[in-house]
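Participant: A structural model of the following input is requested.
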Amino acid sequence: MALLIRLVWDAVMVKVALIFLRTTFFLFVAVAATGARAEELPEILVQCAACHGVDGIAKSADVPHLAGQHEVYLFNQLRAFKSGKRPHKEMRYMSRQMSDAEMADIAAHYARMPRQ
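Facilitator: Modelled structure (predicted):
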């Protein structure tokens with residue numbers, strides 16, 4: 001049983017890593033296109049932008065846009081992902097190491113962006 005759990009966990013981590021690597025390329029393309037510089041974004045936001053877009057507009061239909069969302073809503077969702085109250089394997093993985101201060105910074109960053 002432990003071996004099966006380990007194999008499933010490894011498969012999930014490989015999938016997350018592949019998603020991250022695939023979308024990192026698109027992140028850098030988007031950063032270049034918008035004129036923003038990657039070094040201007042904190043590392044945690046670079047990771048967020050890989051899926052949710054530098055401008056808060058996701059390129060994939062199954063990833064939500066974050067630009068212009070309410071700050072408190074975003075913060076509460078990040079806390080729910082971290083605690084497991086809102087199930088989502090990738091977001092649970094991404095939020096597991098986030099402090100409340102980092103979650104607040106992320107929420108404030110996306111809330112300041114214009115809705116599109």
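Participant: OK, contacts around the most centrally placed residue in the chain?
Facilitator: In the chain, the C-alpha nearest the mean C-alpha coordinate belongs to residue 48, at 3.1 Å (C-alpha atoms, centre = their mean). Neighbouring residues of residue 48 by C-beta atoms under 8 Å, 6 or more residues apart in numbering: 66, 94, 106, 110. Where you see a C-beta, it was placed from the backbone N, CA and C, and this is true even at glycine.
Participant: again, 10 Å this time
Facilitator: 27, 41-42, 54, 56, 66, 78, 94, 106, 109-110 (C-beta atoms under 10 Å, 6 or more residues apart in numbering).
Participant: Now intersect the residues you listed with the strands, please.
Facilitator: Of the contacts of residue 48, none are assigned to strands by DSSP state E.
Participant: Now the residues you listed in a markdown table, please, with extra columns for neighbour count and distance to residue 1.
Facilitator: Below are the contacts of residue 48 laid out as a markdown table (neighbours: other C-beta atoms under 10 Å; distance: C-beta to C-beta, whole Å):
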| residue | neighbour count | distance to residue 1 |
| --- | --- | --- |
| 27 | 22 | 38 |
| 41 | 17 | 42 |
| 42 | 13 | 40 |
| 54 | 23 | 43 |
| 56 | 22 | 42 |
| 66 | 24 | 38 |
| 78 | 22 | 32 |
| 94 | 20 | 27 |
| 106 | 23 | 37 |
| 109 | 20 | 42 |
| 110 | 23 | 40 |
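Participant: got those residues as TSV, with distance to residue 15 and pLDDT columns?
Facilitator: TSV is the format used below for these (distance: C-beta to C-beta, whole Å; pLDDT from 0 to 100):
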residue	distance to residue 15	pLDDT
27	18	52
41	24	67
42	25	81
54	23	90
56	24	94
66	22	96
78	21	97
94	13	92
106	23	94
109	26	94
110	25	95
